[in-house]
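Asks: Fold the following for me, if possible:
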Amino acid sequence: MDGHFRARVSRVLAVMAALSALGLAATSGSAADLASATCSNAKDAQNPPFCHAVRGDRAEGWLAQGRSEVMARNGMVTTSQPLAAEAGLEILRKGGNAVDAAVATAAVLNVVEPMNVGMAGDMFAIIYTAKDHKFHVLNASGMAASGQTLAFMNAHGYKFDPRNIGPGSGMAHGVLSVTVPGAAWGWQEVLDKYGTMKFRQVLEPAAQYAEKGFPISERIAFDWHLPKAVNTNRAQIENCCSEMDPDSIAAWYIDGKQPVAGQIYKNPDLAKTFRILEEKGRDGFYKGPVAQALVNKVRALGGTMTMDDLASYKGEWQEPVMSDYHGYTLMELPQPSQGFAANEMLNILASCTGKVYPGQTLASLGPTDARYWHLLIEAKTLAYADLNRVNGDPNANPGMAVQVKSLTSSAHAQELCAKISPDKAMPAPGPTVPTGGDTIVLSTADRWGNMVSWVNSNYSNFGSGITVPGFGFILHNRGGLFTLDPNSPNVIAPHKRPYNTLAAAFVLQGGRTDGQIMALQLMGGDMQAQGHAQVVVDMVDLGANLQAASDMARFHHNQVTDTVGLESEAYKLVGQQLQAMGHKVVPSNGGPMGGYEALLFTPDPKEPKPDSRMDSQQPVNGTYRGATDHRKDGIAAGW
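Replies: As a prediction, the model looks like this:
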């Protein structure tokens, strides 16, 4: 026995010596953890050497494309976080439809990307039902609380700033930016009308992640920071805000500190709230203990929301804004969404490109030519000037729908062409207020051909920064986009919806439902409509595939400062020429460019049409292709 033992020890020592010679011996504290390093732009950052590496190339196609399109036939989910996409996909595998999957995905995003989305935020969706070839548009955005009048705001020191003519002028931060939440209402509304499952099935994946925890992904960790949300004197609403909400620190930070990538985060209070909704439906949010805790928190901070505000909340079904662009129909959310600015921007490009540059098209110019970017920037500037002038709650402005129809017409676009110089940037359109925001977007599709284009948001990063204690959810701050200009269609008033940056879209080949159908979103405050237009140009004019359209460089134009952020590689090519035209162009990383998701259905005439029976295992009569933005953490997942 001793001889055998000595022989085994000798062999182990020999192996260890060999490993040591190769530098592979395990020595306590000798090596950092693998796959844990990230790069930082901070001046004092100690970045690992890989941060100076050169990106590799694809084996085929456009070498800069970050990944391939995802293709499948039974169903697909695209969104900004992999765990959420997989949760939606699992609902599809269990027999749920695209609407069921969308709610499940949004709920998980409430846990894993909580700065951008929550049940106490806004939600819009466009749902395509294949059996009747119809589109259904839901607005489940928030309304101002009772008592939140212009006079109330003025009495507490918040007044219109004539230097800022757009949404948000004079508005407060903190509790006075909170509107009555719409998302929880909207989640159940779409399930009741077009889903096949209940909250108990679609919310449980989110409850499990909130209860058991998950590792925070890289981009989301970068965005995970709370805003100042309260004053030292909690009931003081003037000059808000001087510090973070202690309930938010307890709920969203770990041991009082901002979490980092890879750290496991749990929110048992949020899990409890999901299970209340599973048991009681949306009444569990808008009535009873959850609603009372929400109202108590708001009123303790000086807000005016009441239990009746919550109990009486309802979203509404609307009609989309539609326009044609080179044989494709763009379908956007109606006002108070900013989506119609994308329709107007594309109309301007279609009407004016050949007039500004005779004989040229966007395709012939291309993104290596400064004139291409000049046209896009000018079209955006003109469209957003109209947007900021007229947008608001259509229910409070009866003529607004007619006005928007006029603004999104080709005739209006043609009238604007003379404002675009071929070699000189137009003067700044006038000061407005920044409308940056943090949002999630997602697309889903199922084997029956149903598709969903979805946007859900807290507005700013962690919304108002105010958390409802004991229930683990953040209150959004969309009310910050009202204006205190008494002459504006967007002036604050009780039970009114504010200007909304959220946008979700569909694109139809030839305006029909028997050709290609694409669900399209691009999150990011005022980037959304200008981003929609850019990726449509990428695909329709430049011929990019779904993923390449995301990976191509984009610009973000800030209507406030009249500054253009252009992603760095494009800036190297055309930045100086654009500056010579008078554009205030600066190089930018992908942060301001939003996060794109898209899902395209292409029918195959050789395949049988979908079987509408819910127990059918027959795949859709064609192919789904999905794409997601490399600027985020997400994936497109199909089966």
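
Asks: Please look at F199 and L277 and confirm they touch.
Replies: Yes: under the criterion of CB atoms under 8 Å, F199 makes contact with L277 at 5.1 Å. The way it works is simple: take the backbone N, C-alpha and C, and place the C-beta from them, glycine included.

Asks: Give me the common contacts of those two.
Replies: The contact sets of F199 and L277 do not overlap (CB atoms under 8 Å, 6 or more residues apart in numbering).

Asks: tell me the mean pLDDT over stretch 85-104?
Replies: When pLDDT is averaged over stretch 85-104, the result is 98.

Asks: Determine how far the last residue of stretch 577-594 lies from the first.
Replies: Terminal residues of stretch 577-594 lie 25 Å apart, using CA to CA, to the nearest Å.

Asks: Residues in contact with it: which ones?
Replies: Residues outside stretch 577-594 that contact it (CB under 8 Å, 6+ apart) are 41, 370, 373-374, 377, 423-425, 436, 522-525, 527-528, 531, 554-556, 561-568, 571-572, 575, 629-631.

Asks: Mind checking which of those are in helices?
Replies: If you go by DSSP state H, those have 370, 373-374, 377, 527-528, 531, 568, 571-572, 575 in helices.

Asks: Can I get these in a markdown table including pLDDT?
Replies: Converted to a markdown table, those look like this (pLDDT from 0 to 100):
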| residue | pLDDT |
| --- | --- |
| A370 | 98 |
| W373 | 98 |
| H374 | 98 |
| I377 | 98 |
| M527 | 95 |
| Q528 | 96 |
| G531 | 97 |
| S568 | 96 |
| Y571 | 97 |
| K572 | 97 |
| G575 | 98 |
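
Asks: Of the residues you listed, which is the most crowded?
Replies: Neighbour count (other CB atoms under 10 Å) singles out Q528 as the most crowded of those, with 32 neighbours.

Asks: which non-adjacent residue is nearest it?
Replies: Distances taken as CB to CB, 6 or more residues apart in numbering put A503 closest to Q528, at 4.0 Å, once the chain neighbours are dropped.

Asks: Tell me the secondary structure at the one you found.
Replies: Taking DSSP: H, G, I helix; E, B strand; the rest coil as the rule, one finds A503 in the coil state.

Asks: residues near it, how many?
Replies: That count, for A503 with other CB under 10 Å as the rule, works out to 29.

Asks: and the gap between it and G480?
Replies: To G480, A503 is 18 Å away according to CB to CB, to the nearest Å.

Asks: Could you double-check that L226 lies in contact with T467?
Replies: No: checked against CB under 8 Å, the pair L226 and T467 is beyond contact range at 9.1 Å.

Asks: Mutual contacts of the two, please.
Replies: Residues touching both L226 and T467 (CB under 8 Å, 6+ apart): 245, 248, 252.

Asks: Distance to H495 and secondary structure added to those residues, as CSV?
Replies: CSV is the format used below for the shared contacts of L226 and T467 (distance: CB to CB, whole Å; DSSP: H, G, I helix; E, B strand; the rest coil):
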residue, distance to H495, secondary structure
D245, 26, coil
S248, 27, helix
W252, 30, helix
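
Asks: hmm, which of these are the buried ones?
Replies: Buried by 16 or more other CB atoms under 10 Å: 245, 248, 252, out of the shared contacts of L226 and T467.

Asks: ok, so of those residues, who is nearest D100?
Replies: Distances from D100 to those, taken as CB to CB, are shortest for W252 (28.0 Å).

Asks: Just the pLDDT for the spatially closest residue to the closest one that is not a sequence neighbour.
Replies: Among residues not flanking W252 along the chain, L226 sits closest, at 6.2 Å (CB to CB, 6+ apart). For L226, the pLDDT comes out at 97.
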